[in-house]
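Visitor: coords please:
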Amino acid sequence: MGDIDVRSRTATRSRRPTADHGVVEIVVLTLSCLVLAVVAVHYRAVDALSRHVPAARHGTYDGIVALVVLLPVATLIYARRRYREVTAVRRELVHLSLHDALTGLPNRRLLVDWLVDDIARSQRENSQAAVLFVDLDRFKYVNDTHGHEVGDRLMRAVADRLKKVTRPEDRLIRFGGDEFVLLLPCLNGSAAAEKVAQEAIRVIEQPFTVGDESLRISASVGVALAEHRGVKPEDVLRDADVAMYQAKASGPGQVVTFDRSMTGRLTPATAEETIRAALEAGDFHLHYQPVVDLATGQIVGAEALLRWISQSRGTMSPGEFIPILEETGLIVPVGTWVLEEACREATRIRQVLGDHPPITITVNVSARQISQVGFGDVVANALSAAGVGHGQIHLEITEGALMHDVSSAWAVLRQTKALGVKLALDDFGTGYSSLSYVRRFSLDMLKIDKSFIDGIDSSPEDRAIVEHVVGMADALGMTTVAEGVERPEQLAWLRRLGCRLAQGYALSRPLSADDLEALLRRRQNDPYEIGSVPTGPADLEIPALWGRASGEPNEHHELDGPFELPRSRPGAAEPDAAPPRAPAAAAPGPTRDDVIDVSEPVRPARQGSPALPRLREYRPPQDPEQQLA
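Guide: Numbers count the residues shown, from 1 in each chain. So this is what the prediction gives:
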């Protein structure tokens, strides 16, 4: 077990000559020369050496000769000493420029040169050179919870452990941040490199002692080999970086070796230039997934989802580029473009629908966007430029975005609500479901996560949770939206439980703007049919909440929800149980794996577990004595 000393350490500092120190030395040498000159005059040193000139005439001459001799000698001594000090300082500066100040390891400036040497040496010996990118998992959590001082000591301890897994000919480099690079020359295939990678993860995962606490972290490792002659070191480093991000995507403690199928994958190192070029080239597009009123079957809204269709890479998976946008901060310019484009589409749809009520467009917003300076002005400018009507745009946020900086988030979101923008809380129930946030931020909509919708037609626990969330939302004057609805039976149960809105593949896949407009025209007089839940002894009993299950009317007043909801048609009969009809002319869209929210943040790891998933796993004891115990 590695120990991280939490006591303060006295740093060893090198003596560096300063300008004041040099002036003092000059003054001391000058005064020394003057004192020696006075001594020479007093004792007539020159006359003592030369008896040919009368001593009385050469007292001053003795002092001048002493100064002429002593000053150059003193200057030479001073210059030599200063030269040595400056040389030592220059040597130290060169060392610091090539090494990491925290761990003492070489930094990335030596990386390419060393890799060139390793590749050449390995090829001469008919072997392979490998590059291992090591990225520490959850290191940001350590800095946030224990402080940067503990984080620095942990980084030094990790460096010391990694040194133990290297051979004498290997090189360990601090690449920056929480990343290290291992250069391994003269290996026989990828198996040897993967073995070193696994050993590196093993030593890192051993607990560290911080005072009285035990601290654990892990690492993700990407491996790349210089497999053929003429390979460029920059390409090998890029391949190892790509493999490392693949390893991180697979979970902590994973090792991934680069193969050709990963070529062209996006990484933070290449993201900015590539994404900005994609924005300029128009490679980003918005698709819209319709949101349907379960009472009327009418489309009342749509959620904007980001697509990246690259001319060189083809359709990019959102799971590949959304986390990179978050990590690099590029979610801010991309998110601004999404908001502006969604506002323009909302205006076009209002024109398409004519006298019919306009639908609303929901735009996902990340924590980075909320924390940016002037986010309220960004929203106001987008609304004004597109001429969007009041309440046509909703902002969808996550609990993580609210928890990032509660005070700042509240100030920004209050400003956006003053513009007529309504707020939706995404994935409610999967996080920590803090009701204080629901109350404080005056949210208009709760979106129930797909994980609860999946079991609504088969799990009493999921059904009870959904019903209670719906009841709570109604009591607070909010609208509920069920996400990820994939089966007609789920739609029927949601309608029975009082959920007002739903979206998912059971209704429609995400559509392009043109296809969405065509669907809206077709569905104006042909709403979706939402089936009913069959009644009978097979029904699972669900406790009534505020009279909902017993059929009693809801006495809570109905506030304006995030969507402008059309009322049921007078005299309309209850639709028969039947699967919803898919749009006839809808163009083929991407699969579910390609659908992801435009700004779904990478949520930070937290201690504990979400509340509602734990609630549905709870089973009360059947024995009355156990209940009393």
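
Visitor: In contact with I349, which residues are there?
Guide: 358-359, 361, 516-517, 520 (Cβ atoms under 8 Å, 6 or more residues apart in numbering). Quick note: C-beta positions are derived from backbone N, CA and C, even for glycine.

Visitor: now the helices: where do they sit in the stretch 151-300 of the chain?
Guide: Using DSSP state H, counting those that start in this stretch, the helices of the stretch 151-300 of the chain run over 190-205, 233-249, 268-281.

Visitor: tell me what the shortest one is packed against?
Guide: The helices and strands touching helix 268-281, judged by 3 or more Cβ pairs under 8 Å, 6 or more residues apart in numbering; DSSP states H and E, are helix 233-249, helix 318-328, helix 331-353.

Visitor: Quick one: distance of the shortest one to the chain centre.
Guide: Using Cα atoms, centre = their mean, to the nearest Å, the mean C-alpha position of helix 318-328 is found 8 Å from that of the whole chain.

Visitor: list the buried ones in that helix?
Guide: Across helix 318-328, burial judged by 16 or more other Cβ atoms under 10 Å covers 318, 320-326, 328.

Visitor: likewise the last one?
Guide: Neighbour-count burial for helix 331-353 flags 331-332, 334-336, 338-347, 349-350, 352 (criterion: 16+ other Cβ under 10 Å).

Visitor: Equivalent analysis for stretch 355-365, please.
Guide: In stretch 355-365, counting by 16+ other Cβ under 10 Å, buried: 358-365.

Visitor: Surely F258 and V223 touch.
Guide: Yes: contact status for F258 versus V223: in contact at 6.7 Å, counting by Cβ atoms under 8 Å.

Visitor: Give me the common contacts of these two.
Guide: The contact sets of F258 and V223 overlap at 240, 243 (Cβ under 8 Å, 6+ apart).

Visitor: Give the bridge partners for A224, please.
Guide: Per DSSP bridges, the residues bridged to A224 are V131.

Visitor: In contact with Q524, which residues?
Guide: Counting by Cβ under 8 Å, 6+ apart, Q524 has contacts 353, 356.

Visitor: if we can go back for a sec, can you redo the helices of the stretch 151-300 of the chain as TSV with mean pLDDT and distance to S451?
Guide: Below are the helices of the stretch 151-300 of the chain laid out as TSV (pLDDT from 0 to 100; distance: least, Cβ to Cβ, whole Å):
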stretch	mean pLDDT	distance to S451
helix 190-205	93	29
helix 233-249	87	20
helix 268-281	79	29
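
Visitor: Out of those helices, flag the one nearest Q415.
Guide: The closest of those to Q415 is helix 268-281. By Cβ to Cβ, the value is 26.2 Å.

Visitor: Could you tell me the angle between the direction of the closest one and that of helix 233-249?
Guide: 90 degrees (axes from the mean of the first three to the mean of the last three Cα atoms, to 10 degrees).

Visitor: So for helix 268-281, what gets flagged as buried?
Guide: 271, 274-275, 278.

Visitor: Equivalent analysis for stretch 388-396, please.
Guide: 388, 391-396.

Visitor: Take those and keep only those in strands.
Guide: 393-396 (DSSP state E).

Visitor: I359 and D444, how far apart?
Guide: Noted for I359: a distance of 16 Å to D444, by Cβ to Cβ, to the nearest Å.

Visitor: ok, now V421?
Guide: V421 is 9 Å from D444, by Cβ to Cβ.

Visitor: same check, this time on L111
Guide: Taking Cβ to Cβ as the measure, L111 falls 52 Å from D444.

Visitor: And A411, by the same measure?
Guide: Remark: distance between A411 and D444 (Cβ to Cβ) = 18 Å.

Visitor: Of the two, which one has the most company?
Guide: D444 (24 against 12; other Cβ atoms under 10 Å).

Visitor: Pull the number of nearby residues for the closest residue to D462 other than its chain neighbours.
Guide: Using Cβ to Cβ, 6 or more residues apart in numbering and skipping residues adjacent in sequence, the residue nearest D462 is G455, 3.7 Å away. Neighbour count for G455, taken as other Cβ under 10 Å: 16.

Visitor: wait, what's in contact with G455?
Guide: G455 touches 461-463, counting by Cβ under 8 Å, 6+ apart.

Visitor: could these go into a markdown table alongside pLDDT, secondary structure and neighbour count?
Guide: Output for the contacts of G455, formatted as a markdown table (pLDDT from 0 to 100; DSSP: H, G, I helix; E, B strand; the rest coil; neighbours: other Cβ atoms under 10 Å):
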| residue | pLDDT | secondary structure | neighbour count |
| --- | --- | --- | --- |
| E461 | 88 | helix | 16 |
| D462 | 88 | helix | 22 |
| R463 | 90 | helix | 22 |
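
Visitor: which one of those residues sits closest to F428?
Guide: Of the contacts of G455, the one sitting nearest to F428 (Cβ to Cβ) turns out to be D462, at 13.7 Å.

Visitor: Against E194, how distant is that closest one?
Guide: 41 Å.

Visitor: Read off the pLDDT value for L413.
Guide: Per-residue pLDDT puts L413 at 84.

Visitor: where does it fall, phi/psi-wise?
Guide: Backbone torsions for L413, taken as degrees, to the nearest 10, come to phi -70, psi -30.

Visitor: swap in the one 10 residues further on?
Guide: Main-chain dihedrals, L423, degrees, to the nearest 10: phi -120, psi 140.

Visitor: show me where pLDDT drops low in the stretch 1-150 of the chain?
Guide: 1-30, 32-34, 36-71, 73-74 (pLDDT under 70).

Visitor: do that again at 50, thanks
Guide: The stretch 1-150 of the chain contains residues with pLDDT under 50 at 5-19, 53, 55-58.

Visitor: All the helices of it, in order from the start?
Guide: Using DSSP H, counting those that start in this stretch, helices in the stretch 1-150 of the chain cover 19-43, 45-49, 59-98, 111-124, 139-146, 148-163.

Visitor: Output stretch 440-448 as CSV, restricted to C-alpha atoms.
Guide: The C-alpha coordinates for stretch 440-448 follow below in CSV (Å, rounded to 0.1, in the frame of the first residue of the first chain):
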residue,chain,number,x,y,z
ARG,A,440,-36.1,26.3,-6.4
PHE,A,441,-35.6,26.4,-10.1
SER,A,442,-39.3,26.7,-10.9
LEU,A,443,-39.2,23.9,-13.4
ASP,A,444,-42.0,23.4,-15.9
MET,A,445,-41.5,19.8,-16.9
LEU,A,446,-40.1,16.5,-15.6
LYS,A,447,-38.9,14.0,-18.1
ILE,A,448,-39.2,10.5,-16.7
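
Visitor: What are the buried residues along that stretch?
Guide: For stretch 440-448, a neighbour-count test (16+ other Cβ under 10 Å) marks 441, 443-448 as buried.

Visitor: want to throw these into JSON lines with secondary structure?
Guide: Shown next, in JSON lines, are the buried residues of stretch 440-448 (DSSP: H, G, I helix; E, B strand; the rest coil):
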{"residue": "F441", "secondary structure": "coil"}
{"residue": "L443", "secondary structure": "coil"}
{"residue": "D444", "secondary structure": "coil"}
{"residue": "M445", "secondary structure": "strand"}
{"residue": "L446", "secondary structure": "strand"}
{"residue": "K447", "secondary structure": "strand"}
{"residue": "I448", "secondary structure": "strand"}
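
Visitor: C-alpha coordinates for stretch 457-473, CSV please?
Guide: Below are the C-alpha coordinates for stretch 457-473, written out as CSV (Å, rounded to 0.1, in the frame of the first residue of the first chain):
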residue,chain,number,x,y,z
ASP,A,457,-46.0,-2.7,-18.3
SER,A,458,-44.4,-5.5,-16.3
SER,A,459,-42.9,-4.2,-13.1
PRO,A,460,-45.1,-3.0,-10.2
GLU,A,461,-42.2,-1.1,-8.8
ASP,A,462,-41.5,0.9,-11.9
ARG,A,463,-45.2,1.5,-12.3
ALA,A,464,-45.5,2.8,-8.8
ILE,A,465,-42.5,5.1,-9.2
VAL,A,466,-43.9,6.6,-12.5
GLU,A,467,-47.3,7.2,-10.9
HIS,A,468,-45.9,9.0,-7.9
VAL,A,469,-43.6,11.1,-10.1
VAL,A,470,-46.6,12.0,-12.2
GLY,A,471,-48.7,12.8,-9.1
MET,A,472,-45.9,15.0,-7.6
ALA,A,473,-45.5,16.9,-10.9
